[in-house]
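Asks: let's see this in three dimensions:
(chains A and B)
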Amino acid sequence: MRVVGIETEYGVTDPGNPGANPILLSSQLVAACRVWSGNSQTRWDYGGEDPLMDLRGMRRERRYATADLLTDSPEYSDANRGVTLRRRRGSWEDPAHLNAVLANGARFYVDHAHPEYSGPEVTSAHDAVVWDVAGDRIAAAAAAHMRAEGDDVALYKNNVDGKGASYGTHENYLVSREVDFDDLARRLMPHLVSRQIVVGAGRVGLGAYGETPGFQMSQRADYIEAEVGLETTLRRPIVNTRDEPHADRRKWRRLHIIIGDANSMEVPTYLKVGATSLILAAVEAGDARLDVLALADPVAEVSAVSRDLALRHRLRLASGEEATALEIQRALITIARDYTVDVEDNRVIERWENVIDPLGRDPLTAQREVEWVAKLHLLGRMRERYATAGADGQRQLPPWDDDRLRAADLQWSELGTGLAARMSAAGAVERVATDAEIEHAMTAPPSTTRAWLRGRMVSERSDIVDAASWSTIVLDRDTEHGHLEVLTLPDPFVTSHELVDSLLGEVTPPLP
Amino acid sequence: MPQTTSSSSPFEDDAPEPDAPAAPTAQASTDALDSLLDEIDDTIQTNASQFVRSFVQKGGQ
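Replies: Okay, the predicted model is just below:
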């Protein structure tokens, strides 16, 4: 499969002190994560980022960029192939932006006012789930360390606070540079809009502020305002255009998708990545069948689909015809089937069909796999329990803005003890990964990408690793030239590097 | 937009009847849900409003 990575911004609170500064809490959490990981972590190397490069070909001038777009350091330098030397400088690390690059190849850091886990590059939907859930457990372990030190903290894997704020769960897909970006955005759009019925995490409240009582499929739908664009914090687009491939720019784009929900169940994460990757293969092949599904008004359809719990809304197509989200997903499965190349891809198709079919019969029967259905079912049972007798003697269910329902929606995604975690522990939801796989992935990198080099260097040679990023490993060791050595890894698929292999070979095995 | 406000089903009143009885796995989930609902009852009745009010986040990406 293609190279994929998932980033998660967690909601963060101090339960005993609602006014606590979230940036400080997030910094403390990253510091606690460093303690949790022992010596197996390093700093982030800001050397090679270019967040102002737009996939559409232009580069935004720095003075026109809002501060939140400036995710790189002022010392931007072009990355060269192989090893380059870099002048030593003082510690450039801003304590307000603590970073930890972990032994599993991930980055754990403070993004805006949230702790973020950016999973390592993986090459299958299954591995995407394993290293995504591993991130949740790392964050939970860091939180446990913080609490042990007397600082209370709670983390939530959701995307909304119900008061207007939204924070993201982003998918990144390596896509061939040869695909025209406008074609890419247009042909992927019908999938991104209709897949909500499969991958939505469910949300109590309609509108950006939850101002209208109700339940909808997607956490994120009400915060999407544009089809295509560079911004991620305002006027959020369905397809983001940031062109920062973290790889050889001549060969690849990194498609950054910000419309997705944070999922507390494994099947949605699996299908989010697996199905989208197969559709991208169809896009790369220029499959014109995708054009038939083009939507007349994609942005409006995002929230229309999200609110259509009976799955009957007919989306208007650019052709003038209409189709339901289920029909569009079925058509996409037919197309995706032609791009399966291995057993793993076939499993994705099988799971995808096994979710779409029950959704089409009776959504409730998909409650073990589809997160919005599982949440809606649990909250529906709560409403039955809390029903009261109305003036006319009829049974009255509590309205959707009842605080008990809103609280349960938030507590659904709490890391460790949330309702979704408890449903999983009770065997009420389908799993994709095993606990043993996830446990392993907390401290070990995937072996199919350059994360394999990064993660092992971090865990085994932290004595000489100064910093790392997606495409670099910076070494600080005794040399004649006296400079830092920057290893650049522009190929995400590379799992072997002469210098790294020799350095890892030098490690003496730990004493028993 | 049609929303669930009066039906005892979590889905809309006019939602289609299932073609077939729910799968056996759904029944097993229901049993697991009952004890979870009991746990929720114990905590959520008293704390819900304050918890919802105090859950405030900054916007992110």
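Asks: hmm, stretch A:131-149 in reach of chain B?
Replies: No: no part of stretch A:131-149 sits close enough to chain B to count as contact by Cβ under 8 Å from any Cβ of the partner chain; the gap is at least 14.9 Å. C-beta coordinates here come from the backbone N, C-alpha and C atoms, glycine included.
Asks: ok, residues contacting that stretch?
Replies: Contact with stretch A:131-149 is made by A:6, A:8, A:10, A:28-30, A:32-33, A:35-36, A:102, A:104, A:106, A:108, A:115, A:117, A:119-120, A:122, A:152-155, A:157, A:266, A:269, A:415-416, A:433, A:438-439, A:441-442, A:446, as judged by Cβ atoms under 8 Å, 6 or more residues apart in numbering or on different chains.
Asks: if we use 7 Å, what do you get?
Replies: Residues from elsewhere that reach stretch A:131-149 (Cβ atoms under 7 Å, 6 or more residues apart in numbering or on different chains): A:6, A:8, A:10, A:28-29, A:32-33, A:35-36, A:102, A:104, A:106, A:108, A:115, A:117, A:119-120, A:122, A:153, A:155, A:157, A:266, A:269, A:415-416, A:433, A:438, A:441-442, A:446.
Asks: show me which positions of that stretch end up buried.
Replies: The neighbour-count check on stretch A:131-149 (16 or more other Cβ atoms under 10 Å in any protein chain shown) flags A:131-143, A:145-146 as buried.
Asks: burial of the residue in the stretch 301-450 of chain A that chain B sits nearest to, as a residue count?
Replies: Here the stretch 301-450 of chain A gets closest to chain B at one residue, A:Gly380, 2.9 Å apart by Cβ to the nearest Cβ. Neighbouring residues of A:Gly380 were enumerated by other Cβ atoms under 10 Å in any protein chain shown; the total is 19.
Asks: one more: A:Ser319?
Replies: One way to gauge burial is a neighbour count; for A:Ser319, by other Cβ under 10 Å, it gives 13.
Asks: OK, contacts around it?
Replies: By Cβ under 7 Å, 6+ apart, the contact set of A:Ser319 is A:Val292.
Asks: what pLDDT does it get?
Replies: According to the model's per-residue confidence, A:Ser319 sits at a pLDDT of 97.
Asks: then A:Ser124?
Replies: pLDDT recorded at A:Ser124 is 97.
Asks: what segments of the stretch 351-500 of chain A are helices?
Replies: If DSSP state H, counting those that start in this stretch is used as the criterion, the helices of the stretch 351-500 of chain A fall at A:371-385, A:403-412, A:419-425, A:435-441, A:451-460, A:498-505.
Asks: of all these, which one is nearest A:Gly19?
Replies: The closest of those to A:Gly19 is helix A:403-412. By Cβ to Cβ, the value is 17.6 Å.
Asks: next, the closest residue in space to A:Leu98 that isn't next to it in sequence: phi, psi?
Replies: The shortest distance from A:Leu98 to any non-neighbouring residue, by Cβ to Cβ, 6 or more residues apart in numbering or on different chains, is to A:Val30 (4.0 Å). The phi and psi values for A:Val30, taken as degrees, to the nearest 10, are phi -70, psi -40.
Asks: in contact with A:Val30, which residues?
Replies: Under the criterion of Cβ under 7 Å, 6+ apart, the contact list for A:Val30 reads A:98-100, A:108-110, A:115.
Asks: centre of the chain to stretch A:452-469, how far?
Replies: In terms of Cα atoms, centre = their mean, to the nearest Å, the centre of stretch A:452-469 is set 23 Å apart from its chain centre.
Asks: in that stretch, which residues are buried?
Replies: Residues of stretch A:452-469 classed as buried under the neighbour-count rule (16+ other Cβ under 10 Å) are A:452-462, A:465-469.
Asks: helices of chain B, residue ranges please.
Replies: With DSSP state H as the criterion, chain B has helices at B:24-54.
Asks: ok, and does stretch A:415-431 reach over to chain B?
Replies: Yes: part of stretch A:415-431 sits close enough to chain B to count as contact by Cβ under 7 Å from any Cβ of the partner chain, namely A:419, A:422-423, A:426-428.
Asks: need the buried ones from these selected in ChimeraX.
Replies: Under the burial definition 16+ other Cβ under 10 Å, those of the residues of stretch A:415-431 next to chain B that qualify are selected in ChimeraX by:
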select /A:419,422,423,426,428
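Asks: can you pull the contacts of the residue of the stretch 151-300 of chain A at minimum distance from chain B?
Replies: In the stretch 151-300 of chain A, no residue comes nearer to chain B than A:Tyr167, which is 2.9 Å away by Cβ to the nearest Cβ. The contact partners of A:Tyr167, taken as Cβ under 7 Å, 6+ apart, are A:9, A:11, A:114, A:159, B:57, B:59-61.
Asks: how about 8 Å then?
Replies: In this structure, A:Tyr167 makes contact with A:9, A:11, A:112, A:114, A:159, B:57-61, judged by Cβ under 8 Å, 6+ apart.
Asks: do you know the pLDDT at it?
Replies: Listed pLDDT for A:Tyr167 reads 96.
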